[in-house]
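Asker: Requesting a structural model of the entry that follows:
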Amino acid sequence: MGETLTADVAVVGGGLVGAALAYELRVAGCDVVLVDAALAGRASDAGAGILSPETFQEPDPHWYEFGAAAAGHAAALVDRLADEGTTLGADAYARCGSLVVALAEHEDPWFSSAFALAQARDPDVTELTGDEARGLFPPLGPVWRAFHSPAGTRVDGRALSAALRAAAARRGARIVAAEVTGVEGRLGRVDALRASDLVVRCGTVVAAAGAWSAGLAASMGAVLRVTPTKGQIVHMALPSVRGDPGGDAALGDTDSGRWPVVQPVLNFYLVPWPAGRVACGGTFEPDAAFDVRATASGLRDLLRECVAIAPGLAQATFLEVRVGLRPTSPDGRPVIGPLPGLANVHVCTGHGANGLLLGPYSAALVAATIAGTEPPGVGGELGRDILRRCSPGRFGT
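Answerer: Numbers count the residues shown, from 1 in each chain. Predicted coordinates for the structure are as follows:
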């Protein structure tokens, strides 16, 4: 007979969303067990880390409100963690700005729409000349048009997830490295989870296992409309200018930590990091299921577009390809809140390509629901509105 743990809440999934849930639930005073299988392809381990809701090309004002609240929550969360003694590292979270570009004249309708939306959301958004854009991101090639948002931020998903797990554990959350293999319960409830030779008895379950959440829900007898969308992201290192014959003087001193994120309206994005590291992504592969292989075709597409956008990266050194399975719902919106048909099961997933932005805020909303506290966001009303719009019940039972 294996070990038995008892908790108020069992959170399944230890990526960014699950880690944030464990932390927020502990802050609210709930006894928490976090069950983390750490499966290959976890989206928060691969994501580029762009936090820039003001440059969303989606005109839905509710979607932007969600993103803006999530960005503010992320900034406050990083400060909270630092106040508690958990730091992400000097370069893991930074306001670096976002640079949105159109590469050719035929992209002008998309650019004009994106610029109008961004400027309406933030008056500090300004249009730049091509030379001004290259001044901010030196490897950039010729562009048709460009605008800059100083509010754009980047975050290291791996670092933030690890910091949240550590903060939750320091507050008393128990973290179990195992995969859920079965459930125990009665009609309409889950009373316990089986994970290897461990049994976790709990009053509430939260499915926060990303793309694997649908399988977890199925084991409980429920349907959750979330599927994986594979994304590949390539990471490169710029050649050192000083003393490196492969260097390019046009790149200056490769202080890439100060460069903005580059978001072409119709191409892959570029995310710069300190010490000359640049990520380019990401592919969109909705039919790849749970395939977490880096592929030749994915790498070809990424590198071709990367060099087309920024010819100055042509001599960069290949470092790695990261593969993540984005949990995606039928309407492209997160799935958060109580799972229909199960009285004590909540879900927090379906964030697609915006998990690093929306995930921690969604976790705070679900934690507030479980703990019976006021949800964050303009006196709680914004949070309640988001929970209504993102309810799993919108797809039926």
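
Asker: any idea how far A222 is from the nearest residue to A70 once chain neighbours are set aside?
Answerer: Leaving aside its sequence neighbours, A70 sits nearest to Y361 (C-beta to C-beta, 6 or more residues apart in numbering; 3.8 Å). To be clear about C-beta, it is placed using only N, CA and C from the backbone, and glycine gets the same treatment. Applying C-beta to C-beta, to the nearest Å, the value for Y361 to A222 is 24 Å.

Asker: Ok, T86 next?
Answerer: 34 Å.

Asker: Over to H106?
Answerer: Distance from H106 to A222, by C-beta to C-beta: 46 Å.

Asker: Then L140?
Answerer: Distance from L140 to A222, by C-beta to C-beta: 48 Å.

Asker: more crowded one of the two?
Answerer: L140 (24 against 20; other C-beta atoms under 10 Å).

Asker: any low-confidence regions in this protein?
Answerer: 1, 240-254, 378, 397 (pLDDT under 70).

Asker: Domain map for it?
Answerer: Segmentation of the chain into domains, based on automatic domain parsing, reads 4-46+158-226+331-395, 98-150+228-328.

Asker: any idea which residue sits dead centre in the chain?
Answerer: Residue closest to the mean C-alpha point of the chain, counted by C-alpha atoms, centre = their mean, is L356 at 2.0 Å.

Asker: give me every residue that touches that residue.
Answerer: By C-beta atoms under 8 Å, 6 or more residues apart in numbering, the contact list for L356 reads L16, S44, G47, A48, G49, I50, L51, V155, G157, L160.

Asker: what do you get if the cut-off is 10 Å, keeping everything else the same?
Answerer: 15-17, 43-44, 47-51, 70, 74, 154-157, 160-161 (C-beta atoms under 10 Å, 6 or more residues apart in numbering).

Asker: Ok, L270 next?
Answerer: Contacts of L270 (C-beta under 10 Å, 6+ apart): 48, 99, 101, 137, 139-140, 236, 259-264, 278-281, 305-306, 309-310, 313.

Asker: Identify the residues contacting G188.
Answerer: So G188 contacts G221, A222, G341, L342, A343, N344, V345 (C-beta under 10 Å, 6+ apart).

Asker: in which helix or strand would I find the fourth one?
Answerer: Remark: L342 resides in no helix or strand, with elements defined by DSSP states H and E.

Asker: can you pull up the bridge partners for L128?
Answerer: Note on L128: beta-bridge partners by DSSP bridges are A146.

Asker: my guess is it meets A102, correct?
Answerer: No - in this structure, L128 is not within contact of A102 by C-beta atoms under 10 Å, at 11.7 Å.

Asker: With neighbour numbers in mind, choose between those two.
Answerer: Per other C-beta under 10 Å, whichever of L128 and A102 has more neighbours is A102, with 23 against 18.

Asker: In space, what's closest to the more buried one - neighbours in sequence excluded?
Answerer: Closest to A102 by C-beta to C-beta, 6+ apart is F111, at 3.7 Å.

Asker: next one: V347
Answerer: Closest to V347 by C-beta to C-beta, 6+ apart is A207, at 4.6 Å.

Asker: Also D91?
Answerer: P274 (4.7 Å).

Asker: Could you pull up the residues touching that neighbour?
Answerer: Applying C-beta under 10 Å, 6+ apart to P274 gives the contacts A90, D91, A94, T254, D255, S256, G257, R258, W259.

Asker: and which of the residues you listed is nearest F395?
Answerer: A94 (37.0 Å; C-beta to C-beta).

Asker: For that closest one, the count of nearby residues, please.
Answerer: Other residues close to A94 by other C-beta under 10 Å number 18.

Asker: Then the one 10 residues further on?
Answerer: When neighbours are defined as other C-beta under 10 Å, A104 has 12 of them.

Asker: Quick check: it touching I309?
Answerer: No - using C-beta under 10 Å, A104 makes no contact with I309, being 11.4 Å away.

Asker: Report the set of residues contacting both of the two.
Answerer: By C-beta under 10 Å, 6+ apart, A104 and I309 have these common neighbours: V143.

Asker: on that earlier part again, for the residue nearest to V347, give the beta-bridge partners.
Answerer: V12, V347.

Asker: for it, what are its contacts?
Answerer: 10-13, 17-18, 180, 190, 213-217, 219-220, 222, 224, 226, 335, 339, 342, 345-349, 392.

Asker: Repeat the analysis, applying 6 Å as the threshold.
Answerer: V12, S213, L216, A217, V347 (C-beta atoms under 6 Å, 6 or more residues apart in numbering).

Asker: quick one: the first one and P334, what's the gap?
Answerer: Counting by C-beta to C-beta, the separation of V12 from P334 is 17 Å.

Asker: Could you pick out the longest helix of this structure?
Answerer: helix 61-83 (DSSP state H).

Asker: CA atoms only: put that one into CSV for me.
Answerer: Extracted in CSV, the C-alpha atoms of helix 61-83 (Å, rounded to 0.1, in the frame of the first residue of the first chain):
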residue,chain,number,x,y,z
PRO,A,61,-12.1,44.8,-26.2
HIS,A,62,-12.8,42.1,-23.7
TRP,A,63,-9.7,40.1,-24.9
TYR,A,64,-7.6,43.2,-24.5
GLU,A,65,-8.9,43.9,-21.0
PHE,A,66,-8.0,40.3,-20.1
GLY,A,67,-4.5,40.8,-21.4
ALA,A,68,-4.0,44.1,-19.8
ALA,A,69,-5.1,42.9,-16.4
ALA,A,70,-2.9,39.8,-16.9
ALA,A,71,0.1,42.0,-17.7
GLY,A,72,-0.4,44.1,-14.6
HIS,A,73,-0.9,41.0,-12.5
ALA,A,74,2.4,39.6,-13.8
ALA,A,75,4.3,42.7,-12.9
ALA,A,76,2.8,42.7,-9.4
LEU,A,77,3.4,39.0,-9.0
VAL,A,78,7.1,39.4,-9.8
ASP,A,79,7.3,42.1,-7.2
ARG,A,80,5.5,39.9,-4.6
LEU,A,81,7.9,37.0,-5.2
ALA,A,82,10.9,39.3,-4.8
ASP,A,83,9.4,40.7,-1.5
